[in-house]
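Enquirer: no sequence for this one, just the structure:
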């Protein structure tokens, strides 16, 4: 018997043991057990019945031992009282025992040489503090016994390729092995996911429900799936991202391995965050920041289970499109219109066919049809008895697949009956056609992506026929086009030069020794609250951010002299750490064009500042005026989960009026900043509108990247850094107004 862990909480030795128990190598063994035991199994246990049935559906052929101290038999076979009584150890124990008995079962597992366990019981960290203590103690017990645990509060997993399913829910038959690996932070959705996958011919490699992730986390499963030879694409249902840095590393490994991650991250609403908190006991995270982080890591984010699985199927089965130029083949003009409209909204091009393609297609069309892209071959062939396995749309595919102006072909030309036709000749002809299509798709110079017209379930006959010829058909035009809309950016980012894509959470590229202190004697790591603008400007200047020329003055004479040096007109701003919104208190004067206006403006601004801040006024900042160009906002805030986050948008009043911003986790390199700029609806203003000069986006991106480095250089002290506006005029970029807020760093 292993001693209780007291007080609750994992000690360093246990944490190290846990890490050794969840490596990809250990999980390869865990997720492919050749022998299993159900501890607490009885004929009256619904959970046990599910496990027996699931394994039967998966085709499991190994031993499934029943363990129960109070029942002599279960499911028609003798039970053993304890895992210690097994003649030889099993690979995996599914623990159906209640919470008070789980730790003793883990002791039995350790003594019997059982290396893996699934814990079904609920009542751990999801119920609060006392449950967390129980969970910590359970994990320590498992680690001390060398047992890898999935759960608790977990329904198990299945591995279609290994033909095993220690899974306490229904597995729809048949279970088709395939390329899609799935990890769900919601157990009850697993059967729903499997049902949709079955209905649409989507094969699964490994599917696991995560439970409380006390030992095996979603990120551990992600690492395992990245290395799994049977998995080509990874689906995640996420309620939380508990370790952003580890998630970023796993996402980087997946991208380098060429395995897309498709994620359905819930918790975007307040109600959704409360639901996630209640279910997992963890923080769901700020949704806008989560969205930005996933985009930055090239993780595809979707909003429905249908999109999750359809996108994964596209990337798991089909050859990836190499660009956005799409050929469309259909037997319906209406379908062509629908596809064209959706493609336009998604930025997918439908170019004209090459002349030789159009000529080859026209030879097989009725006289009233036109060989154009998108192509409607019409239903003319339905009016005539078929004498050949191939139809007009098949000949069109043969020609279109060789068109040099296309990157892929969307093929809406496969319609299969619910059952094999009773006419043997018709059935043979249809099956010969499917075989020809499979061969042509495999040999085509560009990817050919089959798509149904609507998202209807495939019949058993259709699914078997398509599976036999390794054809996967996307579930309808709507979900098919949306899957393409999700997949294309992933492919583009994956194939792009990644030298400017931060895939991890790297250390700052600007060292703190380049940053001067914000005051004459105070250190930035002990500063608290807003800085004066002079100190904020010094921070950015030392980092290399260009600033509008300005001078701090203390009298009207000094203001007039500074204005003379800077050149009229000028702007005046009160300078005080206690005043963050200067215009709200009358602390700003703009466009002062004469010496008299500068003197009067100085007295007015100074009086307003002293009225608002008393003696805590550093003086008045005189700066050159800037006109024309575009005003941007570049701001950094600190997310409690992910750390410093950069926000870009149009500056001035527009950021609030248009709600047009792009977010990224810091630090960012210039290439990523350019992608941020491309996401803004206001991008046309930067590219030049109504005769205005276009902004130098390379220079702008470099400045914003350096600004982000300055924010990161403050380490944990930063609370906010904002430049609004950041003025851009051609290749001129200057920070016109700067705000920095910090608090003391932890000792």
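Expert: Yep, it's here. Fair warning: this is a prediction, and the values are worked out from it, not measured in the lab. Residues are numbered from 1 along each chain as shown.
Enquirer: residue 601 and residue 558, how far apart?
Expert: Distance of residue 601 to residue 558, given as Cβ to Cβ, to the nearest Å: 13 Å. C-beta here means a position set from N, CA and C on the backbone, and glycine is covered the same way.
Enquirer: which one of these two has more residues nearby?
Expert: When residue 601 and residue 558 are compared for neighbours, residue 601 comes out ahead with 23 against 16, by other Cβ atoms under 10 Å.
Enquirer: these two touch, right, that one and residue 592?
Expert: Yes - in this structure, residue 601 sits in contact with residue 592. The criterion is Cβ atoms under 8 Å, and the distance is 4.9 Å.
Enquirer: shared neighbours of those two, which are they?
Expert: Common neighbours of residue 601 and residue 592, counting by Cβ atoms under 8 Å, 6 or more residues apart in numbering, are residue 572.
Enquirer: so what's residue 201 closest to, chain neighbours aside?
Expert: Of all residues beyond its chain neighbours, the one nearest residue 201 is residue 463 (4.8 Å), with distances taken as Cβ to Cβ, 6 or more residues apart in numbering.
Enquirer: how many neighbours does that neighbour have?
Expert: Applying the criterion other Cβ under 10 Å, we find 19 residues in the vicinity of residue 463.
Enquirer: please, which helix or strand holds it?
Expert: Under the criterion DSSP states H and E, the helix or strand holding residue 463 is helix 460-468.
Enquirer: residues contacting that helix, please?
Expert: With contact meaning Cβ under 8 Å, 6+ apart, helix 460-468 is reached by 176, 201, 203, 414, 416-420, 431, 434, 458, 472-473.
Enquirer: check which residues of whichever helix or strand comes after it are buried.
Expert: Using DSSP H and E, the helix or strand that directly follows helix 460-468 along the chain is helix 477-495. In terms of neighbour count (16 or more other Cβ atoms under 10 Å), helix 477-495 has its buried residues at 477-488, 490-491, 493-494.
Enquirer: for stretch 334-344, same thing?
Expert: With the criterion 16+ other Cβ under 10 Å, stretch 334-344 contains buried residues 335-336, 338-340, 342-343.
Enquirer: compile the residues you listed into a markdown table and extend it with columns for pLDDT and secondary structure.
Expert: Shown next, in a markdown table, are those (pLDDT from 0 to 100; DSSP: H, G, I helix; E, B strand; the rest coil):
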| residue | pLDDT | secondary structure |
| --- | --- | --- |
| 335 | 95 | helix |
| 336 | 96 | helix |
| 338 | 96 | helix |
| 339 | 97 | helix |
| 340 | 96 | helix |
| 342 | 96 | helix |
| 343 | 96 | helix |
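Enquirer: with distance to residue 451 added, can I get these in a markdown table?
Expert: Supplementary listing: the buried residues of stretch 334-344 in a markdown table, determined by distance: Cβ to Cβ, whole Å:
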| residue | distance to residue 451 |
| --- | --- |
| 335 | 9 |
| 336 | 12 |
| 338 | 11 |
| 339 | 8 |
| 340 | 14 |
| 342 | 11 |
| 343 | 12 |
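Enquirer: and of the residues you listed, the nearest to residue 669?
Expert: Taking Cβ to Cβ as the measure, residue 669 sits nearest to residue 343 out of the buried residues of stretch 334-344, at 31.6 Å.
Enquirer: how near is the closest one to residue 321?
Expert: 12 Å.
Enquirer: name the helix or strand of this protein that has the lowest mean pLDDT.
Expert: helix 270-280 (a mean of 40; mean pLDDT, DSSP states H and E).
Enquirer: next, count neighbours for residue 71.
Expert: A count of nearby residues for residue 71, using other Cβ under 10 Å, gives 17.
Enquirer: now it: which helix or strand?
Expert: Element membership for residue 71, per DSSP H and E: none, as it lies in no helix or strand.
Enquirer: ok, residue 54 next?
Expert: Assigning secondary structure by DSSP H and E places residue 54 in helix 46-58.
Enquirer: report the mean confidence score over that helix.
Expert: The average pLDDT for helix 46-58 rounds to 97.
Enquirer: C-terminal to that helix, what's the next element?
Expert: Beyond helix 46-58 in the direction of the C-terminus, DSSP H and E gives the next helix or strand as strand 64-67.
Enquirer: who does the next helix or strand after that following strand pair up with?
Expert: Counting by DSSP H and E, the next helix or strand C-terminal to strand 64-67 is strand 73-74. When sheet partners are counted by DSSP bridges, strand 73-74 sits next to strand 77-78 (antiparallel).
Enquirer: C-terminal to the partner strand, what's the next element?
Expert: Going C-terminal from strand 77-78, and assigning secondary structure by DSSP H and E, you next hit strand 92-95.
Enquirer: what stretches of this protein score poorly on pLDDT?
Expert: 1-13, 268-285, 379-387, 497-528, 652-657, 690, 745-747 (pLDDT under 70).
Enquirer: residue ranges of each domain in it, please.
Expert: If you go by automatic domain parsing, the domain ranges for the chain are 319-471, 549-625, 630-742.
Enquirer: now the end-to-end length of the longest one.
Expert: When you say that, I think you mean domain 319-471. From its first residue to its last, domain 319-471 covers 11 Å (Cα to Cα, to the nearest Å).
Enquirer: stretch 584-593 too?
Expert: Stretch 584-593 stretches 23 Å from its first residue to its last (Cα to Cα).
Enquirer: now do the buried residues in it.
Expert: In terms of neighbour count (16+ other Cβ under 10 Å), stretch 584-593 has its buried residues at 585, 587-589, 592.
Enquirer: on that earlier part again, now do the helix holding residue 54: which elements does it pack against?
Expert: Contact partners of helix 46-58 among helices and strands, from 3 or more Cβ pairs under 8 Å, 6 or more residues apart in numbering; DSSP states H and E: strand 36-39, strand 64-67, strand 157-159.
Enquirer: can you pull the contacts of residue 253?
Expert: The contact partners of residue 253, taken as Cβ under 8 Å, 6+ apart, are 223, 226.
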